[in-house]
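Enquirer: Quick one, structure for this:
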Amino acid sequence: MINEIKGNSYSVFFDKQLSSLQDFLNNHNYSKIFILTDRNTGEYCLPVLKNALPALTDYDLIEIDPGEENKNIDFCIGIWKMLLDFGADRKSLMINLGGGVITDIGGFAASTFKRGIDFVQIPTTLLSQVDASVGGKTGIDMDGVKNIIGTFTQPKAVFINSVFLKTLDEKQLISGFAEMIKHGLIYSAGYYEQLQSSRPEDMDDRLIYQSVEIKNDVVTKDPTEQDLRKILNFGHTIGHAIESYSLANDSFPLLHGEAIAVGMICEAYLSHRLQELSLNELNEITQYILDIFPFYSFGETIYDDLIAYMLNDKKNIDGKIGFALLKQIGLCTFDNYIEKERIFESLDYYRSLN
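Expert: So this is what the prediction gives:
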């Protein structure tokens, strides 16, 4: 059975057979097809795609190193050079097969090569299925700042197959679960309640579908992040700073969702202090997240580094650090600009939980 969620200009197909991708290729006359993977998805996920689409034989493979640290201009230049070497033209198609790094950098490379070629997303991690592949944001990192270079360019389609999740370890599943929690917190108290009775390792298609529905509803109403779409940044102002710091300083950096979990606790605290989030809801959110995600230990000595990362965040205006904050579970506000002393207070709150 194929389920479909329609956005403004493309559809998200939930299809365990990937027959919808074959139909898409049959209905488009692409001059060349390119598949972008990293080494891990090339080994574990490309065979799944080839088995599902035996007729897909005429393509060129572009493979990059895995990891957020490689989502940069140097690797993007490498992709552009490979497209040139393989003779890509403006009627070519890029199939991005991988997690958030692949869908982000692949979308950006495609959206800028020869002023834009078509691309589709086949997300293979829970994180990319519920977040990175949906919404038309493409991007690369620069100088430790996440997604600071990018475009709003919609894919031609997104194809989600939960079979790919069997290639993930528990740590990766937990990372993706953070974005699902966020979707409930900002938009649907009912969905948040459903998540509380499930675990990342027991993920089912229904919960993934609902998470994508929530994100699609938000981005369809505000595709270029002028207002409502900003609520998707809940947990990400502090979370991205934590992630960037960890990438630069830790031997085993935090995964995206692990950093966003820290950010959601801190920003829930700010929501309680500065919006209308009740103390009971703050305590409930805090305990729920701590039950799932590992605690990240840090000291006051990194506060200024974190602020420096936040000041480079693309959500800021006139040097003011912007936040999305909760009024209550299921209802989120945006364009909240907060001074660093309050941010330090939220970091103190998180550290007190250890």
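
Enquirer: Output the below-cut-off pLDDT ranges for the stretch 201-350 of the chain.
Expert: Applying pLDDT under 70 to the stretch 201-350 of the chain flags no residue at all.

Enquirer: mind redoing it with 90?
Expert: By pLDDT under 90, the low-scoring segments of the stretch 201-350 of the chain are 201-204, 312-320.

Enquirer: which residue ranges form the strands in it?
Expert: In the stretch 201-350 of the chain, strands defined by DSSP state E, counting those that start in this stretch lie at 322-328, 331-337, listed in chain order.

Enquirer: out of those strands, deepest packed?
Expert: strand 322-328 (a mean of 22; mean count of other Cβ atoms under 10 Å). No exception for glycine: its C-beta is placed from N, CA and C like everyone else's.

Enquirer: Give the other helices and strands that that one contacts.
Expert: Judged by 3 or more Cβ pairs under 8 Å, 6 or more residues apart in numbering; DSSP states H and E, the packing partners of strand 322-328 are helix 170-187, helix 236-249, helix 256-274, strand 331-337.

Enquirer: Show me which positions of stretch 337-347 end up buried.
Expert: 338, 343, 346-347 (16 or more other Cβ atoms under 10 Å).

Enquirer: Between all of the residues you listed, which two are separated the most?
Expert: Pairwise distances across the buried residues of stretch 337-347 (Cβ to Cβ) peak at 12.2 Å, for the pair I338 and L347.

Enquirer: nearest residue to the most centrally placed residue in the chain other than its sequence neighbours?
Expert: When Cα atoms, centre = their mean is applied to the chain, the residue found nearest the centroid is A132 (3.2 Å). Leaving aside its sequence neighbours, A132 sits nearest to G100 (Cβ to Cβ, 6 or more residues apart in numbering; 3.4 Å).

Enquirer: What is the neighbour count of the spatially closest residue to S92 that is not a sequence neighbour?
Expert: Using Cβ to Cβ, 6+ apart and skipping the chain neighbours, the partner closest in space to S92 is K32 (4.4 Å). A count of nearby residues for K32, using other Cβ atoms under 10 Å, gives 17.

Enquirer: what does the model give K32 for pLDDT?
Expert: Note on K32: pLDDT of 98.

Enquirer: any idea how far it lies from F252?
Expert: Using Cβ to Cβ, to the nearest Å, K32 is found at 39 Å from F252.

Enquirer: Repeat that for T138.
Expert: Distance, T138 to F252, by Cβ to Cβ: 28 Å.

Enquirer: now the helices for the stretch 1-150 of the chain?
Expert: With helices called from DSSP state H, counting those that start in this stretch, the stretch 1-150 of the chain shows them at 19-26, 39-44, 46-52, 73-85, 100-112, 126-127.

Enquirer: Now the third one: buried residues?
Expert: By that I understand helix 46-52. Result for helix 46-52 [16+ other Cβ under 10 Å]: buried residues 46, 48-49, 52.

Enquirer: wait, which of these is closest to S19?
Expert: Closest to S19, out of all of these and judged by Cβ to Cβ, is A52, at 7.9 Å.

Enquirer: isn't the closest one right up against L25?
Expert: No. Contact criterion Cβ atoms under 8 Å: A52 and L25 do not qualify, at 12.0 Å.

Enquirer: who touches the residue lying closest to R342 once chain neighbours are set aside in this structure?
Expert: In this structure, R342 finds its nearest non-sequential neighbour in L270, 6.4 Å apart by Cβ to Cβ, 6+ apart. Each residue near L270 by Cβ atoms under 8 Å, 6 or more residues apart in numbering is listed here: 323, 325, 336, 338, 342-343, 346.

Enquirer: ok, so of these, who is nearest Q287?
Expert: For the contacts of L270, the nearest to Q287 is S346 (16.6 Å; Cβ to Cβ).

Enquirer: Hmm, G263 and that closest one touching each other?
Expert: No. Assessed by Cβ under 8 Å, S346 is found out of contact with G263, at 9.4 Å.

Enquirer: related to what we said a few turns ago, helices - which of the buried residues of stretch 337-347 land there?
Expert: Among those, the ones falling in helices (DSSP state H) are 343, 346-347.
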